[in-house]
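1. Sequence and computational prediction follow.
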Amino acid sequence: MTVKISASAMAAALLRRLKGEEVTRKFSALLQYDCRLPLDVQQQEASEVFPQIVELSNLVLFAPENVCVHSSRIVIGVATYSIYDMSLLDRIDVCADTCFSGVSVEVFDIVDTYDKFGGFDHIFPGIEGVYQTPVVGVWNDGVLIERASGENARDLISKVLGISAL
């Protein structure tokens, strides 16, 4: 007899486990392989649970309507199906208390956000040629001053947050 487990049940179980344990790598745990589910279902699960994992972290879930006019912020769009992007967020999260201060680090799932806004230009005006994640924008006093994607975005994150090469 085969027992089917729904994606939402698996997502809830994953979230309970992450809340109940001291997990150093919260984001990359979203992509722990489960042979009981097809990969596309696991990726959908990671996308669904992502906002809740952000709540457990030192990072902030990006909302376009939240304009930060009197401070600095970096907005990072990641692919929740990418272990590289999830590991990047783990590293930033671990360093949040000690490596940088005065910078709000906001994150979002590119799949969800891209579908809502029809592209990245709404979030990062003037960004061109996004072929790799992460996608990053840096604001200072409410003004977008830098934007990048892929390897250039990782370099920008490293520079802005003062974290060694990512």
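-> Thanks, I have the structure now.
2. can you pull the contacts of residue 162?
-> 99-100 (CB atoms under 8 Å, 6 or more residues apart in numbering). C-beta here means a position set from N, CA and C on the backbone, and glycine is covered the same way.
3. State the phi and psi torsions of it.
-> Here is the backbone geometry of residue 162 (degrees, to the nearest 10): phi 70, psi 30.
4. Check which residues of stretch 153-166 are buried.
-> For stretch 153-166, burial by neighbour count (16 or more other CB atoms under 10 Å) applies to 153-154, 156-157, 160-161, 163, 166.
5. Same check on stretch 45-60?
-> For stretch 45-60, the neighbour count (16+ other CB under 10 Å) marks 45-50, 52-54, 57, 59-60 as buried.
6. for the record, mean pLDDT for it?
-> For stretch 45-60, mean pLDDT is 89.
7. For stretch 149-166, what is the distance to the chain centroid?
-> Offset of stretch 149-166 from its chain centre (CA atoms, centre = their mean, to the nearest Å): 14 Å.
8. right, I mislabeled it, should have said stretch 101-110
-> 8 Å.
9. tell me the mean pLDDT for it?
-> Taken as a whole, stretch 101-110 has an average pLDDT of 88.
10. and what of stretch 138-145?
-> Mean predicted lDDT for stretch 138-145 stands at 90.
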